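**Q** let me see the structure of the following:
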Amino acid sequence: MKMYGQQTGQYSQFTFNKYGYNPAAAGTNINSNIETIIGTRQQWVGFKNAPTSNFLSLNYTIKPERSYKRWHNVGLYISKEKVGIFRNEAYYLSYTLHLPVSKKINMSFGVFGGVRNLAIDRNVISTLDPIYDLTYTKYFFAYPDFIPGMRIYSKKAFFDISVQQLYKNRQVQGNKQIGNKSKLVPQIYISFGKKFNLNNELVLVPAVNVHSSLTNIPSVELNVMAYYFKRVGVGVSVRNKDFISGIFQIRILKNITAGFSYDYSINKLNAVAPRTVEFMLGLTPLITLFGNENERFNVARCPSFDF
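**A** Here you go, the predicted model:
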């Protein structure tokens, strides 16, 4: 069976996991020069062998004093996904260059470089299935991968664009093959968000995320977050005609932020498994890059919810 509607993973809290979408977003955190985020997503809870996604990211700003000319960031991103009997793992290193465009606007360019592997997970295959007796290595292969990205941002807005699976790898290597010889088509991510300070207590951040493989209908997600006293965030997202999501984010300690989303299916899967849950945890060591000491822990100071 050929698949024309391939899509890579996506998260409801796309502004929380901005680095996972776009390597150019690394180093835009003004609260610390080190940022660590872990996350998990369980899709269609209750549906057997439903998709699950996990990730771990770490990035470090090399020149935290924010040079007027440029500064750099390096990072690590690891993701693991399972869909039915298949699993997909990715290991990336990143480099990001930030350049001031004007007094208020910066531009960054980043790239992920690493390796991905695709395999059949024998733990979810019945021993009665003939495929179980075949060698595991015949259904496992790895290939190099890179993801370029760009971000334009200020204290009040951001615009992201990145391309995954830019090189059209085929799902076959010699005598190793998963499914047919279909290509892994490129995936384009575009995000935009803007921050509005309604008063001293409330900040509103509407954002949109578009995900397209150029071979099917794009996934368009509209999101609105409201941050109260720069400590608690609540919001809602709508993705095409598939999901409506509720999001809650809170700063537990001065350097720890947690985010939770609950997605409710509004398509035909509603009758079988209507729920998808997602959890993320962000950690930033207590290091101030610049600015007022009393403002360094503000949750909504950056429009993309820095940690």
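**Q** give me the pLDDT for Asn31.
**A** pLDDT recorded at Asn31 is 65.
**Q** same question for Ser108.
**A** So, for Ser108, pLDDT stands at 95.
**Q** try the one 4 residues further on
**A** Here the pLDDT value assigned to Phe112 is 96.
**Q** which of the three states applies to it?
**A** Following DSSP: H, G, I helix; E, B strand; the rest coil, Phe112 is assigned to strand.
**Q** in the stretch 201-307 of the chain, which spans are strands?
**A** 202-212, 219-228, 232-239, 243-253, 256-265, 275-283 (DSSP state E, counting those that start in this stretch).
**Q** ok, the stretch 1-150 of the chain next?
**A** Assigned strands in the stretch 1-150 of the chain, in chain order: 34-42, 52-61, 71-83, 86-100, 106-120, 140-153 (criterion: DSSP E, counting those that start in this stretch).
**Q** let me have the ones you listed in TSV, extended by mean neighbour count and distance to Thr284.
**A** The way it works is simple: take the backbone N, C-alpha and C, and place the C-beta from them, glycine included. TSV is the format used below for the strands of the stretch 1-150 of the chain (neighbours: other Cβ atoms under 10 Å; distance: least, Cβ to Cβ, whole Å):
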stretch	mean neighbour count	distance to Thr284
strand 34-42	20	5
strand 52-61	19	11
strand 71-83	19	13
strand 86-100	18	17
strand 106-120	19	18
strand 140-153	18	18
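**Q** any chance of the ones you listed in JSON lines with distance to Ile188 as columns?
**A** Output for these, formatted as JSON lines (distance: least, Cβ to Cβ, whole Å):
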{"stretch": "strand 34-42", "distance to Ile188": "21"}
{"stretch": "strand 52-61", "distance to Ile188": "19"}
{"stretch": "strand 71-83", "distance to Ile188": "18"}
{"stretch": "strand 86-100", "distance to Ile188": "17"}
{"stretch": "strand 106-120", "distance to Ile188": "15"}
{"stretch": "strand 140-153", "distance to Ile188": "11"}
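**Q** for the stretch 51-200 of the chain, give me the ranges with low pLDDT.
**A** 64-68, 126-140, 168-182 (pLDDT under 70).
**Q** just to revisit the earlier point, which of the strands of the stretch 201-307 of the chain sits closest to Tyr167?
**A** Closest approach to Tyr167 among the strands of the stretch 201-307 of the chain (Cβ to Cβ): strand 202-212, 17.5 Å.
**Q** packing partners for that closest one?
**A** strand 187-194, strand 196-197, strand 219-228 (3 or more Cβ pairs under 8 Å, 6 or more residues apart in numbering; DSSP states H and E).
**Q** strand partners of that strand, parallel vs antiparallel please.
**A** Partner strands and pairing direction for strand 202-212 (DSSP bridges) are strand 187-194 (antiparallel), strand 196-197 (antiparallel), strand 219-228 (antiparallel).
**Q** Asp242: which of the ones you listed is closest?
**A** Asp242 lies closest to strand 219-228 among these, at 8.0 Å (Cβ to Cβ).
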